[in-house]
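Peer 1: Provided below for reference: sequence and predicted model.
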Amino acid sequence: MDLEIYDETKNGVPEEHVQLVKNILEYAGKYIKLKENTEMSVTFVNNDRIQEINREYRGVDRATDVISFAIEDSAEDDEFPIVMDEALEEEIPENIGDIFVSVDKVGEQAEYLEHSYERELGFLVVHGFLHLNGYDHMEPEDEKVMFKLQRDILDAYGLKR
């Protein structure tokens, strides 16, 4: 997986947390059998920045923990689809989108839920990652599928509650 990490926080994200995000996303990608050449990004922000993003894109004027922006590039919706053979199609990287994580919320929620910062960070990143891959929790059945997969990935990786 080609993963870009951006740190827009005031105090900087410790390298061990950046590495945790890289490792767990690589693991999650293999877990759901994502193509090797998949591209995505994770941006670490503080509460004030994620509140701006939440207000601008979701119309909700409050800080949140994680926001995902999936790139749903469907040829069916494309007026002028690009036609190529399977071999070439496999070579072209697929960008699935971007995740924004509030490091402030990670800390707040880890404390409230009485588990480690690393567990909460892993949970939020995997949650956002699954959204980028088409999973959702709007309907009860979808929620069961997504939350079970989240738990399975985190448990298998070793970030149990």
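Peer 2: Happy to help now that I have it.
Peer 1: rest of the way, CA atoms for contacts and neighbours
Peer 2: Fine.
Peer 1: what's near enough to touch V106?
Peer 2: By CA atoms under 8 Å, 6 or more residues apart in numbering, the contact list for V106 reads 65, 117, 120-121, 124.
Peer 1: swap that for M146, please
Peer 2: By CA under 8 Å, 6+ apart, the neighbours of M146 are 130, 135-137.
Peer 1: 7 Å - rerun?
Peer 2: Residues near M146 by CA atoms under 7 Å, 6 or more residues apart in numbering: 135-137.
Peer 1: any idea which of these has the most stuff around it?
Peer 2: Highest neighbour count within these, by other CA atoms under 10 Å: D136, with 19 neighbours.
Peer 1: What strand or helix carries that residue?
Peer 2: Assigned by DSSP states H and E, D136 falls within no helix or strand.
Peer 1: Quick check: closest non-adjacent residue to it.
Peer 2: Distances taken as CA to CA, 6 or more residues apart in numbering put D142 closest to D136, at 6.0 Å, once the chain neighbours are dropped.
Peer 1: Just to check, that neighbour is in contact with L130?
Peer 2: No: counting by CA atoms under 7 Å, D142 does not reach L130; the two are 11.7 Å apart.
Peer 1: Mind checking which of the two has more residues around it?
Peer 2: Set D142 next to L130 and count neighbours by other CA under 10 Å: L130 wins out with 21 against 13.
Peer 1: circling back to that earlier point, among the contacts of V106, which are located in helices?
Peer 2: Counted as lying in helices by DSSP state H, out of the contacts of V106, are 117, 120-121, 124.
Peer 1: Out of those residues, which is nearest to V21?
Peer 2: L121 (7.7 Å; CA to CA).
Peer 1: how close does S116 sit to H17?
Peer 2: 12 Å (CA to CA, to the nearest Å).
Peer 1: Between the two, which has more neighbouring residues?
Peer 2: The neighbour count for S116 versus H17, taken as other CA under 10 Å, is higher for S116 (17 against 14).
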